[in-house]
Each structure stands twice: as structure tokens, then as C-alpha cells.
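Novice: Could you look at this predicted model? Sequence included:
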Amino acid sequence: KNEVEQSPQNLTAQEGEFITINCSYSVGISALHWLQQHPGGGIVSLFMLSSGKKKHGRLIATINIQEKHSSLHITASHPRDSAVYICAALLYSGGGADGLTFGKGTHLIIQP
Amino acid sequence: DTGVSQDPRHKITKRGQNVTFRCDPISEHNRLYWYRQTLGQGPEFLTYFQNEAQLEKSRLLSDRFSAERPKGSFSTLEIQRTEQGDSAMYLCASSTFTGDEAFFGQGTRLTVV
């Protein structure tokens, strides 16, 4: 059982749609990262959250510590947003003591 | 370029050969992490360093894997007697301290044939 679960695993949407990707974790965390990975590309850090909400351009990330849940939203989605979005948590237990525990990723495709 | 860099980007090797990868973190970052990612999966933690000290190793890291960070700057990950199951993307990340934003390198894609 993975301590970090993401949903959906795959998401296809039309350009302009509002996108939500969810991440749930089962133990306490000290921080949660949202990462973006393009096909064949490296990983880019989008956000690091420990509470509340962060916004950067069309991307918004929220976290609810009590519910152990985080969401990544993309407004006015564009084909260039097509990528794998990965949630990674810095867990209090597990994850290799200060390593990140990763979700399996959400494969997002935005069609023009 | 002040990001995390990894070398090589791609490596194809025959089963049984040894391979070594290098990671140069962001210069002021004292934490360095190695992860492995297989196709369709999220990355898995392998090991991490604080400065030159290797503080934690995952159970995934068999005896054939060894990592070093001799001067607390760049790090190397060596795989001895490679097996086909070692084929994966090997990712390096660095950060300043626990919980701070981690920056990732482009990864080294290893193919064992």
C-alpha cells in the first residue's frame, strides 16, 4: 500500500477546462511537493506546501492537513500543460527518513 | 546554469557491467537525494546525503548499489554487475534542509541489455 495516493491516474480534457488532481496521504507529513514531469524530461518542482494554499500563474495548490489531502488545480488549461503531475510527501515515518515518498503520478493530456 | 545536473543523460550497458552516474547539486544545497523511477511509476527513494554523510539507505538499495559524496558537493551512484531490472531513470535532487523545496536533475536513463 502506497502511503501517497493520487487520483486520477489518467486525465484527458479539452483546452480551457479547469483541472483538479488530488493527492491523499496516510501519515503525518512535514511538507508536500507538487512536481511536473514532461515525457522524457526531468522533474520540475511546482510547489512546496506545508499548509494553506499557493498560486503561481494558472496553477493553484491547496493542502488540508487535518484531512491529509492536497489538490493541484490548473485554470484555463492549455495543451502545453500536458505532462505527468506527481505528488510527493515528506513523511514523518517511512519514505526513507527525509526522502520524499511519491505518488504514482497523474498523466494529464490537454487536447486543443 | 545553477540547477542540478546529472551525467550522463543516457547510458546503455550490457548485463553484468558496472556503471557510475554523477550528480552535481545546487552549490549551496547540503542535502542530496537519489531516486529511481521505472516506467509508469512514481520515483522511489534510494538514499540521501547531508553534506558528505550518507544518512539513510532504502531497502531497495541492494549491495550492488553504492553512493558516495566525498566532499559534500557532487555525488556518484555506482551499480555493480548490472541486471536488466536495474533499467530505470535515476534521479538526483538537492535541497537546503528537510522540508525545503527539492530541485531535481534531468535524470540518467539506464538501459541494461
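Specialist: Sure, I can see it.

Novice: can you give me the strands in chain B?
Specialist: Taking DSSP state E, the strands of chain B run over residues B:5-7, B:10-13, B:19-24, B:31-37, B:44-50, B:53-57, B:65-68, B:75-79, B:88-95, B:103-104, B:108-112.

Novice: Mind giving me the packing neighbours of the last one?
Specialist: The reference is to strand B:108-112. Where contact means 3 or more Cβ pairs under 8 Å, 6 or more residues apart in numbering or on different chains; DSSP states H and E, strand B:108-112 is packed against strand B:10-13, strand B:19-24, strand B:88-95. Quick note: C-beta positions are derived from backbone N, CA and C, even for glycine.

Novice: Nearest to B:Asn51, out of those?
Specialist: B:Asn51 sits nearest to strand B:88-95 of all the helices and strands packed on strand B:108-112, at 11.6 Å, using Cβ to Cβ.

Novice: Show me what that closest one is packed up against.
Specialist: Judged by 3+ Cβ pairs under 8 Å, 6+ apart, strand B:88-95 is in contact with strand B:5-7, strand B:19-24, strand B:31-37, strand B:75-79, strand B:103-104, strand B:108-112.

Novice: Quickly compare the ones you listed and say which is most buried.
Specialist: Ranked by mean neighbour count, the helices and strands packed on strand B:88-95 are led by strand B:31-37 with a mean of 24 (mean count of other Cβ atoms under 10 Å in any protein chain shown).

Novice: That one pairs with which strands, parallel or anti?
Specialist: Paired strands of strand B:31-37, with direction, are strand B:44-50 (antiparallel), strand B:88-95 (antiparallel) (DSSP bridges).

Novice: Now tell me what touches that strand from outside.
Specialist: Strand B:31-37 is contacted by residues A:98-100, A:102, B:23, B:25, B:43-50, B:60, B:67, B:69, B:75, B:77, B:88-98, B:102, B:107 when judged by Cβ atoms under 8 Å, 6 or more residues apart in numbering or on different chains.

Novice: cutoff 7 Å now
Specialist: Here strand B:31-37 makes contact (Cβ atoms under 7 Å, 6 or more residues apart in numbering or on different chains) with A:99, B:23, B:25, B:43-50, B:67, B:69, B:75, B:77, B:88-97, B:102.

Novice: Go through the strands paired with strand B:31-37 and find the least confident stretch.
Specialist: Ranked by mean pLDDT, the strands paired with strand B:31-37 bottom out at strand B:44-50, which scores a mean of 88.

Novice: Counting by contacts, list what the least confident helix or strand in chain B by mean pLDDT packs against.
Specialist: Every helix and strand of chain B was ranked by mean pLDDT, DSSP states H and E. The lowest is strand B:53-57, at a mean of 84. For strand B:53-57, the packing partners by 3 or more Cβ pairs under 7 Å, 6 or more residues apart in numbering or on different chains; DSSP states H and E come out as strand B:44-50.
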